[in-house]
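Trainee: Starting from these lines, generate the structure:
(one chain, ligands or ions: 1)
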Amino acid sequence: MKKGYDFFNSKKIDYVELSDEIKAEVGVLGGLDIFTDAHVKGVTATTTKICDAMGMPYERLRYHVLGAYLHDVGKIYIPSEILQKPAALTDEEYEIMKKHTIFGYDICIQYPQFKKLAEIARWHHESFDGSGYPDGLKGEEIPIEASLVKVADVYDALTRRRQYKEGFSNSKTIEIMIEDVKRNRMCAQFLYYLVVVLIREIDGKINEAQHTVSMYKDQLETLHDLEAIYKEIYDRGYTQSLKRKLGRYELHPGYDMSTNAQLLTSKQKVYEKESENYQFMLSEREKLTKQLKEVKLLSKKEKWYK
Ligand SMILES: [Fe+2]
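Mentor: Numbers count the residues shown, from 1 in each chain. Predicted coordinates for the structure are as follows:
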């Protein structure tokens, strides 16, 4: 059974069809503002999309979503000066930050229904090559669920804008994540489904952008036609035929040559911006499509979780 969730709808974010009991428990664990944190919501949304694209059965999907929701719960014990630092962390601060994995594990393990999820909280920063933290697990020592949430986590961290950095584009992010796969640090199989999702999403956006661009193009054409009429009026005077030509347009009283010129300038700017955005998305789509092929090959070669 496939279900689509709208995680941008805050009501659904809080309730993800969990039982009342679990809802209450999540509330206890997430006593601080960690659950309103955009990163947690982003990772949860991305995890859901990956699971959904995989056609995962509902119970497993629900489990992963809850795991994504709790993956950083240990951050409630990390000092806010470090958590909210508007710059990159020093080595010492980073060592403290890494402890959120152990704190998260310790929190989850206390609750019978979250015991299994404790693994996601603890091991979502591990890498197949053993270079991750906190335990330096290797290969399939890392639970598959933690590897899935890791893909969503890294994607969200790289694309998210922070005070000290811009977010990367999707294609740049996937390029970095492919490098991680090649260095044996990330799961290609889950990355593949993430790219599938991104291509689907960009297709929808391209469609919208295409409509927007053509709407502005039409408006600009009309404004240019009006500009030509006003120019003729300026050159030859307000003749009957020009009056008739103007009459074909539904213009507000007081609309004149200078209103038209101002509108033309502002619409032209919007049109250029929208066209640029449209071109950017087309190039993103092209890059993502190539990347999808590459990730597919990498996932076939991958030796983990077969
Ligand atoms: Fe984390």
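
Trainee: In terms of residue numbering, what are the domains of this protein?
Mentor: What automatic domain parsing lists as the domains of the chain is 10-167, 198-301.

Trainee: now the longest one: how far from the chain's centre is it?
Mentor: Chain-centre distance of domain 10-167: 16 Å, with Cα atoms, centre = their mean, to the nearest Å.

Trainee: on that earlier part again, how about the domains of the chain in JSON lines, adding distance to Ile174, mean pLDDT and mean neighbour count?
Mentor: Just so you know, the C-beta spots here come from the backbone N, C-alpha and C atoms, and that holds for glycine as well. Formatted as JSON lines, these follow (distance: least, Cβ to Cβ, whole Å; pLDDT from 0 to 100; neighbours: other Cβ atoms under 10 Å):
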{"stretch": "domain 10-167", "distance to Ile174": "8", "mean pLDDT": "83", "mean neighbour count": "18"}
{"stretch": "domain 198-301", "distance to Ile174": "5", "mean pLDDT": "96", "mean neighbour count": "14"}
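
Trainee: Just put these in TSV and tack on distance to Arg183.
Mentor: Converted to TSV, those look like this (distance: least, Cβ to Cβ, whole Å):
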stretch	distance to Arg183
domain 10-167	7
domain 198-301	11
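
Trainee: Let me see the ranges of the helices in the stretch 151-300 of the chain.
Mentor: Along the stretch 151-300 of the chain, counting by DSSP state H, counting those that start in this stretch, helices occupy 170-182, 188-236, 240-247, 257-301.

Trainee: which stretch among those helices comes nearest Tyr63?
Mentor: Of all those, the one in closest proximity to Tyr63, counting by Cβ to Cβ, is helix 188-236 (14.9 Å).

Trainee: tell me the angle the closest one makes with helix 240-247.
Mentor: 150 degrees (axes from the mean of the first three to the mean of the last three Cα atoms, to 10 degrees).

Trainee: circling back to that earlier point, just tell me which of the domains of the chain ends up closest to Glu175.
Mentor: Among the domains of the chain, domain 198-301 comes nearest to Glu175, with 7.1 Å by Cβ to Cβ.

Trainee: mind checking the end-to-end distance for that closest one?
Mentor: Start-to-end span of domain 198-301 (Cα to Cα, to the nearest Å) is 22 Å.

Trainee: do stretch 48-59 as well
Mentor: Counting by Cα to Cα, you get 12 Å between the two ends of stretch 48-59.

Trainee: Just send the helices of the stretch 151-300 of the chain back as a markdown table, with distance to Asp153 too.
Mentor: Formatted as a markdown table, these follow (distance: least, Cβ to Cβ, whole Å):
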| stretch | distance to Asp153 |
| --- | --- |
| helix 170-182 | 11 |
| helix 188-236 | 11 |
| helix 240-247 | 60 |
| helix 257-301 | 17 |
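
Trainee: Which of the ones you listed sits closest to Leu148?
Mentor: Comparison of the helices of the stretch 151-300 of the chain against Leu148 by Cβ to Cβ identifies helix 188-236 as nearest, at 4.9 Å.

Trainee: on contacts alone, who are the packing partners of the closest one?
Mentor: For helix 188-236, the packing partners by 3 or more Cβ pairs under 8 Å, 6 or more residues apart in numbering; DSSP states H and E come out as helix 38-53, helix 144-159, helix 170-182, helix 240-247, helix 257-301.

Trainee: Pipe the ones you listed into TSV and attach distance to Lys75 per row.
Mentor: Below are those laid out as TSV (distance: least, Cβ to Cβ, whole Å):
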stretch	distance to Lys75
helix 38-53	9
helix 144-159	12
helix 170-182	22
helix 240-247	64
helix 257-301	30
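
Trainee: Could you check which helix or strand contains Gly132?
Mentor: According to DSSP states H and E, Gly132 maps onto no helix or strand at all.
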